[in-house]
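Q: I would like to see how this sequence folds:
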Amino acid sequence: MIPLENEDIVDPIMKYGKDVINSDIFRSGFHQRHHMKMTVADHSMDVTITALKISHALNRLHIHTDEKTIVEGALCHDLGILGRDEKFHSNHEMSVMHPILSVDETKKLIPDMDEKLEGVVRRHMWPASDITMPPNSKEGLIVMLADKYSATCEFMAIAVGRRFKAKAREELCDICIEPTSAAAAQPA
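A: Just a heads-up that it's a prediction; the model follows:
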């Protein structure tokens, strides 16, 4: 389902996401557990791959999307979770607050972040965080759906999907992460 030799996936991630992936903030996500067996960075890579697949399916239907916003939003959507044990007192507090903190972290990586990207990151938890703030762009809807799909697969432990997506993530990391960064990106 997600062959990484598919340049439709690799090219936009290399073009729009390589700097994010190689940042210290994102790489620290390889050391933070998320959804029981994943890391924040692994989950974000899954969301990015899934979101690009959805985007390409929509493009085939002549519904055009902004790949740059999708890649940046998917990679950055959960950065506010990093350091969760020190930041949040409950899972509910984390669900509500991490999108806001993720926007702050995204601004550090992408200082010229536009309103659309901010909306993608801020609104990705809908409807779990703020029912009054649904996604306000196609790209936001795509990232929100990709996040829910990826999280569901992670929680339900769909063995075939996880094995395949894990291989795809590893290949993508091999392609995107600079050699000096690879050692730092390995989980402890």
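Q: excluding its backbone neighbours, what's nearest residue 110?
A: In this structure, residue 110 finds its nearest non-sequential neighbour in residue 72, 6.1 Å apart by Cβ to Cβ, 6 or more residues apart in numbering. Any C-beta I mention is one placed from the backbone N, CA and C, and that applies to glycine too.
Q: and for residue 82?
A: residue 32 (5.4 Å).
Q: just give the number of residues close to that neighbour.
A: By other Cβ atoms under 10 Å, the residues close to residue 32 number 20.
Q: so who does it touch?
A: 39-41, 81-84 (Cβ atoms under 8 Å, 6 or more residues apart in numbering).
Q: if you set the cut-off to 7 Å instead, what comes out?
A: The contact partners of residue 32, taken as Cβ atoms under 7 Å, 6 or more residues apart in numbering, are 39-40, 81-82.
Q: the lengthiest helix in the chain - contacts with which helices or strands?
A: Longest helix in the chain, counting residues (DSSP state H): helix 40-60. On a contact count with 3 or more Cβ pairs under 7 Å, 6 or more residues apart in numbering; DSSP states H and E, helix 40-60 meets helix 7-21, helix 67-76, helix 138-156, helix 159-176.
Q: what residues of it count as buried?
A: Neighbour-count burial for helix 40-60 flags 40-55 (criterion: 16 or more other Cβ atoms under 10 Å).
Q: just want the angle from it to helix 138-156.
A: 130 degrees (axes from the mean of the first three to the mean of the last three Cα atoms, to 10 degrees).
Q: okay, now the unreliable bits of the protein?
A: Within the chain, the stretches with pLDDT under 70 are 1-5, 35-36, 157-176, 179-188.
Q: how about residue 145: what's its closest non-neighbour residue?
A: Here the residue nearest residue 145, using Cβ to Cβ, 6+ apart, is residue 54, at 6.5 Å.
Q: ok so, going back, so how far is the longest helix of the chain off the chain centroid?
A: 8 Å (Cα atoms, centre = their mean, to the nearest Å).
Q: list of residues touching that helix?
A: 2, 8-9, 12-13, 17, 26-27, 29-30, 32, 34-35, 65, 67, 70-71, 74-75, 77-78, 81-82, 142-143, 145-147, 149-150, 154, 165, 168-169, 172.
Q: what's the angle between it and helix 7-21?
A: With the same axes, to 10 degrees as the basis, helix 40-60 and helix 7-21 are set at 140 degrees to each other.
Q: between the two ends of stretch 26-42, what distance do you get?
A: End-to-end distance for stretch 26-42, by Cα to Cα, to the nearest Å: 10 Å.
Q: what's the answer for stretch 80-94, then?
A: 9 Å.
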